[in-house]
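1. Here is a sequence with its predicted model. Questions after.
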Protein chains: 4
Amino acid sequence: MTDHASHGYITEKDKYLNRLKRIEGQARGVRGMVEDEKYCIDILTQISALTSALEAVAIGLLDDHLRHCVVDAARLGGDEADAKIAEATAAIARLVR
Amino acid sequence: MTDHASHGYITEKDKYLNRLKRIEGQARGVRGMVEDEKYCIDILTQISALTSALEAVAIGLLDDHLRHCVVDAARLGGDEADAKIAEATAAIARLVR
Amino acid sequence: MTDHASHGYITEKDKYLNRLKRIEGQARGVRGMVEDEKYCIDILTQISALTSALEAVAIGLLDDHLRHCVVDAARLGGDEADAKIAEATAAIARLVR
Amino acid sequence: MTDHASHGYITEKDKYLNRLKRIEGQARGVRGMVEDEKYCIDILTQISALTSALEAVAIGLLDDHLRHCVVDAARLGGDEADAKIAEATAAIARLVR
């Protein structure tokens, strides 16, 4: 089994790829605004939108992860389930802070 | 079985109660600082500390929740597992934003 | 001039005191929910609401601070203005992260 | 006077451009990770790093903005100062939430 197959948990992969493509475009747009010295508040508005878009992607991926990897581990139980939850919680803590 | 028992998933309950008692004290302290018109930046520092303390409690409770309710649901599988994950994801999204 | 007078920049002080009183009540409510082992997701929802309420207070106080202390310092200019801005930026960074 | 000149408040513009270039690279990297179906938690770690990098840029730009536009407005005083502060506060609120 390939690595690809074992992590093939991302539902609607194309949806994420499209959103991340748009996010890259937004990042490029922010750089252009700084290059052109656009009004600071407008740049900040774009950065807030970009951060929100990234958070939405993160939450979607986390949902997929809980739905697949964590649920699979939970069925196996024991130390593996505990380790998967600890890992997910640490990732959530990084997103929240 | 009582409702109490069915939700008895909080490990180290006393630890949370102590932390929440301290958080209440911090909230009271912030109110006192506004009452006494302390320096604004000092009040903001206290509010940031209070918010961090609340986030730490939330992440701890979420970890317990994933470890118990979600893992139990995962073992049962099917719609219940899906519903539990969707509910946890929505709670995480509220914490992140 | 008293310390009170020099920091008397909080407009609508009563509004903040009322909001902070409500926040204390919310914190007490969260502790009660943990005490009674209420459903974890409901506790997390309350913590999210509490965090949002605290952020709203922080942003209101920051607005007052910029409007008074920072604007006063800006009029004086020089190092004092720079120091006030650096201090405000540091407080904002603590709120954002 | 050109628009460019009037907004020429960004100190260390090259520093920001470099950081934003790196941020674009990070965004592209995240897309590649989803494309290759890398482990979800590793993707989330990269998104958290990206979000932190964006917040750091936002806080730097906000500091410049307070230091220049807001301080200038404060010296003029009156409605313009008020409007600039209200605008900055709204931008900060979008970053905090």
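-> Cool, got the structure. Numbering: from 1, shown residues only, chains lettered A, B, ... in the order given.
2. quick one: A:Cys69 and A:Ala83 touch, right?
-> No: if you go by Cβ atoms under 8 Å, A:Cys69 and A:Ala83 don't touch, sitting 10.8 Å apart. Every residue, glycine included, has its C-beta placed from N, CA and C.
3. between these two, who's got more neighbours?
-> More crowded of A:Cys69 and A:Ala83, by other Cβ atoms under 10 Å in any protein chain shown: A:Cys69, with 19 against 11.
4. So that one versus D:Leu61, what's the distance?
-> Applying Cβ to Cβ, to the nearest Å, one obtains 38 Å for the distance of A:Cys69 from D:Leu61.
5. repeat for A:Ala56
-> A:Ala56 sits at a distance of 23 Å from D:Leu61 (criterion: Cβ to Cβ).
6. The two - which one has more neighbours?
-> Using other Cβ under 10 Å as the criterion, A:Ala56 and D:Leu61 rank with D:Leu61 on top: 23 against 15.
7. where's the residue of chain A found nearest chain C relative to C:Leu61, distance?
-> Taking Cβ to the nearest Cβ, chain C has its nearest neighbour within chain A at A:Arg97, 6.6 Å off. The gap separating A:Arg97 from C:Leu61 is 22 Å, by Cβ to Cβ.
8. Just checking stretch A:47-66 against chain B, any contact.
-> Yes: Stretch A:47-66 comes into contact with chain B when judged by Cβ under 8 Å from any Cβ of the partner chain, the residues involved being A:Ser52, A:Glu55, A:Ala58, A:Ile59, A:Leu62, A:Asp63, A:Leu66.
9. now stretch A:19-32
-> No: using Cβ under 8 Å from any Cβ, stretch A:19-32 stays clear of chain B, coming no nearer than 15.4 Å.
10. Report the contact partners of A:Ile85.
-> For A:Ile85, the residues meeting the contact criterion (Cβ atoms under 8 Å, 6 or more residues apart in numbering or on different chains) are A:Val70, A:Ala73, B:Asp63, B:Leu66, B:Arg67, B:Val71.
11. In JSON lines, list these along with neighbour count, pLDDT and secondary structure.
-> Below are these laid out as JSON lines (neighbours: other Cβ atoms under 10 Å in any protein chain shown; pLDDT from 0 to 100; DSSP: H, G, I helix; E, B strand; the rest coil):
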{"residue": "A:Val70", "neighbour count": "23", "pLDDT": "84", "secondary structure": "helix"}
{"residue": "A:Ala73", "neighbour count": "21", "pLDDT": "85", "secondary structure": "helix"}
{"residue": "B:Asp63", "neighbour count": "19", "pLDDT": "94", "secondary structure": "helix"}
{"residue": "B:Leu66", "neighbour count": "27", "pLDDT": "91", "secondary structure": "helix"}
{"residue": "B:Arg67", "neighbour count": "18", "pLDDT": "89", "secondary structure": "helix"}
{"residue": "B:Val71", "neighbour count": "22", "pLDDT": "84", "secondary structure": "helix"}
